[in-house]
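S.K.: quick one, fold the following:
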Amino acid sequence: GPGTCVALSEDLSTEAGCVNLAKMFRAKEDRLHVLVNNSGTSWGAPLEKHSEKGWDKVYALNVKGIFFLTRELLPALDAGS
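M.R.: Prediction:
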């Protein structure tokens, strides 16, 4: 209802984690008015020390996670608009 905030936890660096979080949300609510994609990470080292594996981890959470979570919650966002 109005004024409700739902906090859920999941690994958003994977598509499966995003799908699962969306399922957990839909079990509680059928509409979503605002989605704040507030997950992110960094490598924590100078650029010249970034490995491909480290960059893949950053990209998975900071880019792919946002895409997959938004995709999965789009029906709830549409319902809330």
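S.K.: all helices for the protein, in order.
M.R.: Assigned helices in the chain, in chain order: 15-28, 52-59, 65-80 (criterion: DSSP state H).
S.K.: give the buried residues for the shortest one.
M.R.: The one in question is helix 52-59. The neighbour-count check on helix 52-59 (16 or more other C-beta atoms under 10 Å) flags residue 58 as buried. C-beta coordinates here come from the backbone N, C-alpha and C atoms, glycine included.
S.K.: oh, and call the first residue 562 from now on, that's how I've got it
M.R.: Okay, residue one is now 562; in that scheme the one you just asked about reads as helix 613-620.
S.K.: give me the below-cutoff pLDDT ranges for the chain.
M.R.: Along the chain, the parts satisfying pLDDT under 70 run over 562.
S.K.: contacting residues around stretch 624-639?
M.R.: By C-beta atoms under 8 Å, 6 or more residues apart in numbering, the residues outside stretch 624-639 that reach it are 573-576, 578-580, 582-583, 586-587, 590-594, 596, 598, 600.
S.K.: hmm, 7 Å instead?
M.R.: Under the criterion C-beta atoms under 7 Å, 6 or more residues apart in numbering, residues 573-574, 576, 579-580, 582-583, 586-587, 590-593, 596, 598, 600 lie in contact with stretch 624-639.
S.K.: just stretch 567-574 next, same as before
M.R.: Residues outside stretch 567-574 that contact it (C-beta under 7 Å, 6+ apart): 578-579, 581-582, 585-586, 589-590, 600, 618, 621-622, 626, 630.
S.K.: switch the cut-off to 8 Å
M.R.: Taking C-beta under 8 Å, 6+ apart as the rule, stretch 567-574 contacts 578-579, 581-582, 585-586, 589-590, 600, 602, 618, 621-622, 625-626, 629-630.
S.K.: who touches the spatially closest residue to residue 592 that is not a sequence neighbour in this structure?
M.R.: When the adjacent residues along the chain are set aside, residue 592 lies closest to residue 641, with 3.9 Å between them (C-beta to C-beta, 6 or more residues apart in numbering). Applying C-beta under 8 Å, 6+ apart, we find residue 641 in contact with 592-594.
S.K.: and the contacts of stretch 567-574, which are buried?
M.R.: Neighbour-count burial (16+ other C-beta under 10 Å) applied to the contacts of stretch 567-574 gives 578-579, 581-582, 586, 621-622, 625-626, 629-630.
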